[in-house]
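Peer 1: Kindly return the folded structure for what I paste below:
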Amino acid sequence: MKKPFRFWMTSGVAIMVAAVSGGRSLASEDERLTLTNVSRFGVSETVHRIEASAQRHGMHVLACLPQTLNEVTGESRYMLVLESSQGGTPVVMESEGAKPSLLLTVYLQQARSGHGTEVFLQQGALQDLPEGLSDQLQSDLAGLPAVVDEALSA
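Peer 2: So this is what the prediction gives:
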């Protein structure tokens with residue numbers, strides 16, 4: 001467990017939008033993401049499957065936000081922000097002025113091959129959790145990879 005600069009729970013859309021834009025560059029954010037799965041389904045179907053799996057685990061989708069990766073090529077991805085089974089989604093700021101990081105988030109983008117969807121998680125963030133998390137929230141965060149696996153296996 002680590003002690004971040006700030007940690008809180010929110011259901012507010014404003015903080016989710018702030019996490020999508022501003023702050024750190026996307027390149028530094030990409031370094032923290034790990035490709036965890038490639039879905040044989042398109043992005044929209046993959047979102048629906050992850051949403052259904054999350055609901056079976058007591059979580060809900062707070063937002064599905066588009067994020068532009070490259071303005072020239074139009075490459076983009078989606079951030080699927082989940083609400084913990086205890087309510088709200090966990091937000092962490094590593095330092096003053098840092099971009100907020102939404103821990104219960106799944107990133108999805110069209111596979112480079114053009115078939116299916118690449119699914120990413122913040123593996124480092126899920127392994128080095130902030131101090132003071134409830135047991136329920138720790139369980140939700142630890143179970144996030146299984147929620148995704150379950151969604152894509154059906």
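Peer 1: what about the helices in the chain?
Peer 2: Under the criterion DSSP state H, the chain carries helices at the ranges 13-20, 26-30, 43-56, 123-127, 135-153.
Peer 1: Among those, show the one with the smallest mean pLDDT.
Peer 2: Among the helices of the chain, helix 26-30 has the lowest mean pLDDT, at a mean of 47.
Peer 1: Run me through the strand neighbours of the longest strand anywhere in the chain, direction for each.
Peer 2: Across the chain, the longest stretch assigned as strand under DSSP state E is strand 60-70. Strand 60-70 pairs in its sheet with strand 75-83 (antiparallel), by DSSP bridges.
Peer 1: what does the partner strand contact?
Peer 2: Residues from elsewhere that reach strand 75-83, judged by Cβ atoms under 8 Å, 6 or more residues apart in numbering: 11, 16, 19-20, 43, 47, 50-51, 54, 59-69, 89, 102, 104-109, 120, 140, 144. In short, each C-beta sits where N, CA and C put it, glycine included.
Peer 1: Now the buried members of the residues you listed.
Peer 2: Neighbour-count burial (16 or more other Cβ atoms under 10 Å) applied to the contacts of strand 75-83 gives 16, 19-20, 43, 47, 50-51, 54, 59, 61-65, 89, 102, 104-109, 120, 140, 144.
Peer 1: Show me how far stretch 46-56 is from its chain's centre.
Peer 2: Remark: stretch 46-56 is offset 13 Å from the chain centroid, using Cα atoms, centre = their mean, to the nearest Å.
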